[in-house]
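S.K.: Here is a sequence together with a model predicted from it:
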Amino acid sequence: MASTRAFLALAERWSPWSPALFVVPYLIAFGLLARSQAWISDEVLVGHVIGLPTFGDILAVLRDGDVDKIPPLFYAVTRVSVAILGNGLVAYRLPEILAGLVVALCVYRFVSRRAPAVYGAAAMLFPFITLARRFTYMVRPDILALACVAVAVVAWQVASEGRRRPLSVLVLGASLAAAVSMHYYAVVSVVPLAIGELVRSHDRRRIDVPVWIALAAPAVPLLAFLPLIRGARAHFETFYARPSWNHTWEFYPWVVGAGIGSTSLSLLIVVASGLGLAWCVYRSPVALPRHEAVAAWSLALLPVFGAALAATVVGAYDPRHGLPAVIGIAAVLAWTAARLSRRSVAIGVLLLVVVGAAVTVLWYGDLSAARLAKRARARAVTMIQATAADERPIVVSQAFIFLHLSHDAPRDLARRLVYLIDWKGALQHHGNDTHERILTGLARRVPLDLREYAGFVASRQEFWLYASRRRDAWIGPVLAREPALRLAERAREDIGVLYLVVPR
């Protein structure tokens, strides 16, 4: 018993140092993931856009809205990182790795101001048991926007305490403006902070004008980016991410990677969990300022505000647009656990161990999956090289696999890759033409061989077909049903099959 008490005393004494102890293992672990993960399709797009001669060319791509629909700050940050560190995987992904670290440290700071540090340490690890961890080694703006929101949450907490007022208010406004400059949907994150500030204004019986001005700061980049926003909204009627109120409750199973079945079951589980947690908090109120509790709960409910914005204004929505909700969920869970356990260090250590073990297991699973996928991609390229060794064109059946191969394959093979464009067929088979618009927009700026489906089939030439096993690879099955063509399998790998296609 004495040894247990000594261990808990040691844990309590060292827990405030947990952020410093976390930094090096985090950088090693996610740096290793960044090196092991093959390029994904979104990153290939970013690489092509980053490689354009001038930043004005990048702005022109974003203004057209076909290739990408995000603000330019993400491309500016990535371009600087690549210019300094070179054209490698880690150079592209370093901003995202650092952003994940910023998220963790900010969550710790926000939570540990109102609970023992060991609970803050557990909350610091929480984002990495959600799908947020995968955005820390993916060249996309989601985790960068999340980091800006996390900084804004901490700055708002500091400003509301009346400490370092000029600096904290300035950081609050700048970080929210930067978040919107990384991802337009980050503007939704202003709503939970505004709700919390409303409660604070009510409790204080006066309005904190500088804080409200800072909360309005995202309006500046939004107005500046209006031409880009108009381009981003083009063609939303055939965009893949159509808004739905189902996104409100489907976010929570999605963010923890739980495929729990039907939408109704997702709703039932989320509502039951929310009511149970609300009952616990009601029976044992969290001992913290009311405006912070309201802001944290509102952040946890961010998908509600995101879905509302998508349904009424924007017209497109993806579950990852609600990613800042993980900050609120981490805070609510940590504060509730601290209150229900009467701030017990033993329970906090147990919680930290459980969350840390889960993060370790998930990290190892991600690393293993990344290495397997990288080897599978390399085997597919080797198979195509060995089997399709002539000069006949190679049709790739799925748009993003076409991008992968164009990026991964040797130049003499990549120049033979073809993707067939069929706008009506795309809408018929998977309900949107997003892939076709991305590729045609990109092909105006980089050399990609895109050909019209009907004309290519009517030419009655012999060609190779690399048919991906992905469910959205619809061109292969359509070619197989063409009465004028005969498909003969020539080679097979885990992720695709290579056919020789000849006229009948």
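M.R.: Ah, there it is. As the structure is a computational prediction, the values presented were derived from the model and not from experiment.

S.K.: tell me the contacts of Arg379?
M.R.: Arg379 makes contact with 493-494 under the criterion C-beta atoms under 8 Å, 6 or more residues apart in numbering. For glycine as for every other residue, the C-beta is placed from the backbone atoms N, C-alpha and C.

S.K.: Apply 7 Å and report the result again.
M.R.: Neighbour list for Arg379: Glu493 [criterion: C-beta atoms under 7 Å, 6 or more residues apart in numbering].

S.K.: mind checking how far it is from Ala389?
M.R.: Distance, Arg379 to Ala389, using C-beta to C-beta, to the nearest Å: 16 Å.

S.K.: How about Ala115?
M.R.: 64 Å.

S.K.: okay, the two: which has more neighbours?
M.R.: Neighbours were tallied for Ala115 and for Ala389 using other C-beta atoms under 10 Å; the higher tally belongs to Ala115 (23 against 9).

S.K.: Test my guess that the more buried one contacts Leu333.
M.R.: No. If you go by C-beta atoms under 7 Å, Ala115 and Leu333 don't touch, sitting 10.8 Å apart.

S.K.: Give me the common contacts of the two.
M.R.: With contacts defined as C-beta under 7 Å, 6+ apart, no residue is adjacent to both Ala115 and Leu333.

S.K.: following the lengthiest helix in the chain, which helix or strand shows up next?
M.R.: Secondary structure of the chain read by DSSP state H shows that its longest helix is helix 345-387. Note on helix 345-387: by DSSP states H and E, the next helix or strand toward the C-terminus is strand 394-396.

S.K.: avg pLDDT for that next one?
M.R.: Strand 394-396 carries an average pLDDT of 94.

S.K.: what's the following helix or strand after it?
M.R.: helix 399-408.

S.K.: Count the residues that sit near the closest residue to Asp494 other than its chain neighbours.
M.R.: Nearest non-adjacent residue to Asp494, counting by C-beta to C-beta, 6 or more residues apart in numbering: Ala376, 5.1 Å away. Ala376: 14 surrounding residues under other C-beta under 10 Å.

S.K.: Next: Arg416.
M.R.: Counted with other C-beta under 10 Å, Arg416 comes out at 18.

S.K.: Can you pull the phi/psi pair for it?
M.R.: Dihedral pair for Arg416: phi -90, psi -10, per degrees, to the nearest 10.

S.K.: doesn't Pro393 make contact with it?
M.R.: Yes. Judged on C-beta under 7 Å, Arg416 makes contact with Pro393 at a distance of 5.6 Å.

S.K.: Report the buried residues of the stretch of helix or strand Gly231 belongs to.
M.R.: Per DSSP H and E, Gly231 falls inside helix 226-233. Using 16 or more other C-beta atoms under 10 Å as the test for burial, helix 226-233 gives 228-229, 231-233.

S.K.: Dump it to PDB, keeping only the CA atoms.
M.R.: Extracted in PDB, the C-alpha atoms of helix 226-233 (Å, rounded to 0.1, in the frame of the first residue of the first chain):
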ATOM      1  CA  LEU A 226     -14.900  35.400 -51.800                       C
ATOM      2  CA  PRO A 227     -13.700  34.800 -55.400                       C
ATOM      3  CA  LEU A 228     -12.100  31.500 -54.300                       C
ATOM      4  CA  ILE A 229     -15.200  30.600 -52.400                       C
ATOM      5  CA  ARG A 230     -17.400  31.100 -55.500                       C
ATOM      6  CA  GLY A 231     -15.100  28.800 -57.400                       C
ATOM      7  CA  ALA A 232     -15.200  26.200 -54.600                       C
ATOM      8  CA  ARG A 233     -19.000  26.200 -54.700                       C
END
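
S.K.: what separates the helix or strand where Leu479 lies from the chain centre, distance-wise?
M.R.: For Leu479, the element it lies in under DSSP H and E is helix 475-480. Centroid separation for helix 475-480 versus its chain: 32 Å, with C-alpha atoms, centre = their mean, to the nearest Å.

S.K.: And it, what does it pack against?
M.R.: strand 463-468, strand 485-493 (3 or more C-beta pairs under 7 Å, 6 or more residues apart in numbering; DSSP states H and E).

S.K.: Make JSON lines from the ones you listed and add mean pLDDT to it.
M.R.: JSON lines is the format used below for these (pLDDT from 0 to 100):
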{"stretch": "strand 463-468", "mean pLDDT": "91"}
{"stretch": "strand 485-493", "mean pLDDT": "91"}
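
S.K.: Strands of the stretch 201-350 of the chain, residue ranges please.
M.R.: Remark: strands of the stretch 201-350 of the chain are absent; assignment by DSSP state E, counting those that start in this stretch.

S.K.: Let me see the ranges of the helices in it.
M.R.: 209-215, 219-224, 226-233, 246-255, 263-283, 290-300, 302-309, 325-340, 345-387 (DSSP state H, counting those that start in this stretch).

S.K.: now for those helices, which one comes closest to Leu94?
M.R.: helix 345-387 (16.9 Å; C-beta to C-beta).

S.K.: quick check: angle from the closest one to strand 485-493?
M.R.: Between the axes of helix 345-387 and strand 485-493, defined by axes from the mean of the first three to the mean of the last three C-alpha atoms, to 10 degrees, the angle is 130 degrees.

S.K.: check which helix or strand covers Glu436.
M.R.: Glu436 is located in helix 434-443, with elements delineated by DSSP H and E.
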